[in-house]
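Q: After the sequence you'll find the predicted model.
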Amino acid sequence: MAKKLIKVVGAALVSGDKILTTKRNSDRILGDLWEFPGGKIEPNETPQAALKRELEEEFDDEIIVGDHIATASYEYDFGIVELSVYFAKLVTKNFELIAHSEVKWRTVDEFDEITWAPADVPIVEAMKQIKIEDVKFDDK
Ligand SMILES: Nc1nc2c([nH]c(=O)n2[C@H]2C[C@H](O)[C@@H](COP(=O)(O)OP(=O)(O)OP(=O)(O)O)O2)c(=O)[nH]1
């Protein structure tokens, strides 16, 4: 049987020249791997709306969503994850850790210090070409 397609959205939260990297709780699927915070896109939801909802659920934080960075698919044993990552920035900074055990701001040069979820690897590679401090948002 064909594996199910799971559409997922992740936020590359920007602060200066750094991006927030987040470690999944041990008891979750892909536990202890690092990722971009986010989650599954619900039917009839835009990726941007899903990202805002997920960040509110996971950190109790409000965000502004910016440009799409990249999309990559990876076939796990439980299904095919199609991960789209967008730049975003925090409006609030509550950082309630509900789904994550650790968060850390890193420059793209520091992305190799951690073990990423497999779907994230090509996206992380693409981000190494971007100058994070030049990322712009529409609101300013
Ligand atoms: N959020 C997120 N999930 C990722 C990334 N990379 C990656 O392979 N995944 C996988 C892990 C999960 O199988 C799936 C996303 O599910 P999730 O568990 O984060 O999302 P959710 O909150 O909507 O799910 P649920 O636990 O409520 O069912 O995508 C990533 O960078 N961010």
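A: Nice, I can see it.

Q: need the residues of this structure near the ligand, please.
A: By the criterion of CB under 6 Å from any ligand atom, the positions of the chain lying close to the ligand are 6, 8, 10, 28-30, 35-36, 38-40, 81, 83, 117, 119-120. In this view, the C-beta of every residue, glycine as well, is placed from N, C-alpha and C.

Q: one more time with 5 Å
A: On the criterion CB under 5 Å from any ligand atom, the ligand has as its neighbours in the chain the residues 8, 10, 29-30, 35-36, 38-40, 81, 117, 119-120.

Q: Give me the subset of these lying in strands.
A: Among the residues of the chain next to the ligand, the members falling in strands are V8, G10, E35, G38, G39, K40, V81 (criterion: DSSP state E).

Q: quick one: which of the residues of the chain next to the ligand has the most company?
A: Of all those, F36 has the most neighbours under the rule other CB atoms under 10 Å, reaching 28 neighbours.
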